[in-house]
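Undergrad: need coordinates for the following:
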Amino acid sequence: MNESSSEYPEVSFRQVMDTAPVMIWVSGVDRLCTWFNKPWLDFTGRTMAQECGNGWTEGVHPDDFSRCLDIYVSHFDRRIPFRMEYRLRRADGEYRWILDTGTPRFDTDRTFLGYIGSCIDINALKQAELGLRGSVANRDMALDAWDGIAGSIAHEFKNLVGAFVGDLWAIHKNAQDAAAVRRRAEEAEEAAIRGERAIEELLAAVRRPKSETVQVNRLITDAWTLLRGAAGERVSVEMDLAAEPDDVIVDPSHLQSALLNLVTNARDAMLEGGTIAVATRSVVVRLEAIDEPDLAPGRYVMVAVRDIGAGMSDEVRRQAFEPFFTTKGAGQGTGIGLSQVRTFARHSSGTARIESAPGKGTTVRIYLPQAIK
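TA: All right, here's what the predicted structure looks like:
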């Protein structure tokens, strides 16, 4: 392994890299890894000396090693980005599925410097894939669906990590300019926060919720300060809670997260400000109801979040619950929030619906079964 100082990031650059919400590695022109950030070392439980060179490959699952090495070498020799999934041994001995994205590095004169890569733990998503394979009769359809999700994840994190790494290299090259370093560090921090939020949303989207009896009005009242803060200064928030709504059996943290997602989306839909209404109602779905095809007959608590924003076209409304679908610009949203809301509702034996039209605002309703007393 080449131990020259030119192979390693400067101290300030290295310290910022250690705060990233992803595992990061750096290699030289000889394919050997020269540096790993703290999240990587914490994950593997090994030292820098143990991981550098080809040492990191000791943690790769034997069944994945050859495929992993072939992808790495073939892309490295052609100086092109790569993406691969493999199992990496965690410090406690468990193998976890990792999504590894590598990007070639070049100096200002286009001299090849090696690669920089970022890794995230996708073990929960791989478990979801296995469940999808088992529950969908058409295996090819299941794999196509997963490939689309994986591609969206990779695209999202490529943008986030690209912004993060770009700012860090700018810090590295402008170490003597305090104002430039401060500005780039703030941008890198914003990218890191977005990445952390995206990881949390991904995990929440595939994690089965806990269930307990929840008084919906009380949960909304207790979370009101949080919801009001999410709405921002330009937007007012009103409560329209039913006098005595029924209790529901849900994961309270997931319900609160769903409300935060909906309030945040409503805020973003009203660029000039406005009012968001959070409402609850008790509703009954009868056996003969033909307008409620995805709800079993019974009593439900309906939780609604309404805005007076621009509204959605029919095409956007039909796609709004799809994972990673977003009309926001790059870096402004992951497209996971509404999908997470519907997933939560369905896991709770309910559903979620959107009513919207251009110029008429949007209302998202969550239907949750009443707790049996």
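
Undergrad: counting neighbours, what do you get for Leu271?
TA: Applying other CB atoms under 10 Å, we find 10 residues neighbouring Leu271. Every residue, glycine included, has its C-beta placed from N, CA and C.

Undergrad: that one sits in which helix or strand?
TA: Counting by DSSP states H and E, no helix or strand carries Leu271.

Undergrad: could you measure from it over to Thr47?
TA: Distance from Leu271 to Thr47, counting by CB to CB, to the nearest Å: 50 Å.

Undergrad: so where's the stretch 201-350 of the chain uncertain?
TA: 201-210, 245, 287-294, 323-337 (pLDDT under 70).

Undergrad: strands along that one, start to end?
TA: Per DSSP state E, counting those that start in this stretch, the stretch 201-350 of the chain carries strands over the ranges 212-214, 235-240, 248-250, 274-285, 298-307.

Undergrad: quick one: contacts of the last one?
TA: With CB atoms under 8 Å, 6 or more residues apart in numbering as the contact definition, strand 298-307 has outside contacts at 216, 220, 245-248, 255, 259, 262-263, 265-267, 269-270, 274-285, 350, 361-370.

Undergrad: just to revisit the earlier point, which of the strands of the stretch 201-350 of the chain has the highest mean neighbour count?
TA: Mean neighbour count (mean count of other CB atoms under 10 Å) peaks for strand 248-250 among these, with a mean of 23.

Undergrad: spit out the contact partners of Ala277.
TA: Taking CB under 8 Å, 6+ apart, one finds Val237, Glu238, Met239, Asp240, Ala304, Val305, Arg306 in contact with Ala277.

Undergrad: identify the residues contacting Asn265.
TA: Asp307, Gly337, Leu338, Thr362, Val364.

Undergrad: could you do Phe43 as well?
TA: Met23, Leu88, Arg90, Ala91, Asp121.

Undergrad: looking at those residues, which are in strands?
TA: Under the assignment DSSP state E, the contacts of Phe43 contribute Met23, Leu88, Asp121 to strands.

Undergrad: among those, which one has the most neighbours?
TA: Leu88 (24 neighbours).

Undergrad: mind checking pLDDT for that residue?
TA: At Leu88 the predicted local distance difference test score is 96.

Undergrad: and it, what does it touch?
TA: Phe43, Thr44, Gly59, Val60, His61, Tyr95, Arg96, Ile98, Cys119.

Undergrad: return the subset of those residues lying in helices.
TA: Phe43, Thr44 (DSSP state H).

Undergrad: tell me the one of the contacts of Leu88 nearest Phe106?
TA: Phe106 lies nearest to Cys119 out of the contacts of Leu88, by CB to CB, at 21.5 Å.

Undergrad: domain assignment for the chain?
TA: Using automatic domain parsing, the domain parsing of the chain gives 5-206, 212-369.

Undergrad: how near is Glu272 to Ile308?
TA: Per CB to CB, Glu272 is found 10 Å from Ile308.

Undergrad: just want to know which of those two has more residues nearby.
TA: Comparing Glu272 with Ile308 by other CB under 10 Å, the one with more neighbours is Ile308, at 18 against 8.

Undergrad: separation between that one and Lys360?
TA: Relative to Lys360, and taking CB to CB, Ile308 is found at 8 Å.

Undergrad: any idea how many residues pack against Ser348?
TA: Residues lying near Ser348 (other CB under 10 Å) number 22.

Undergrad: over to it: give its phi and psi.
TA: phi -90, psi 10 (degrees, to the nearest 10).

Undergrad: what ranges do the helices span in the protein?
TA: Using DSSP H, helices in the chain cover 11-17, 38-44, 48-51, 62-78, 123-135, 139-173, 178-206, 216-222, 224-231, 252-268, 314-319, 337-347.

Undergrad: ok, how many other residues are close to the nearest residue to Ile80 once chain neighbours are set aside?
TA: Take Ile80 and drop its neighbours on the chain: the residue closest to it by CB to CB, 6 or more residues apart in numbering is Pro104, 7.0 Å away. Look at Pro104: counted by other CB under 10 Å, it has 17 neighbours.

Undergrad: and the pLDDT at Pro104?
TA: Residue-level confidence at Pro104 comes out at 91, pLDDT.

Undergrad: what sits against it?
TA: Arg79, Ile80, Pro81, Phe112, Gly114, Tyr115.

Undergrad: how about Val364?
TA: Contacts of Val364 by CB under 8 Å, 6+ apart are Leu262, Asn265, Ala304, Val305, Arg306, Leu338, Val341, Ala352, Arg353, Ile354, Glu355.

Undergrad: and Lys38, how many neighbours does it have?
TA: 16.

Undergrad: could you shift the numbering so residue one becomes 187, and keep it that way?
TA: Shifting the count to begin at 187 puts that one at Lys224.

Undergrad: need the contact list for it.
TA: Residues near Lys224 by CB under 8 Å, 6+ apart: Asp204.

Undergrad: ok, it to Gln236 distance?
TA: Taking CB to CB, one finds Lys224 at 14 Å from Gln236.

Undergrad: isn't Gly245 right next to Arg232, touching?
TA: Yes - with contact defined as CB atoms under 8 Å, Gly245 counts as touching Arg232 (7.4 Å).

Undergrad: picking up where we left off before, now distance to Asp204 too, for the contacts of Asn451, in CSV please.
TA: Listed next are the contacts of Asn451 as CSV, based on distance: CB to CB, whole Å:
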residue, distance to Asp204
Asp493, 40
Gly523, 29
Leu524, 34
Thr548, 41
Val550, 39
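
Undergrad: for Thr220, state which of those is nearest.
TA: Gly523 (38.3 Å).

Undergrad: surely Gly300 touches Trp221?
TA: No - Gly300 lies out of contact with Trp221 (CB under 8 Å); the separation is 10.1 Å.

Undergrad: list the buried residues for stretch 210-227?
TA: Going by neighbour count (16 or more other CB atoms under 10 Å), the buried part of stretch 210-227 is 210-214, 218-227.
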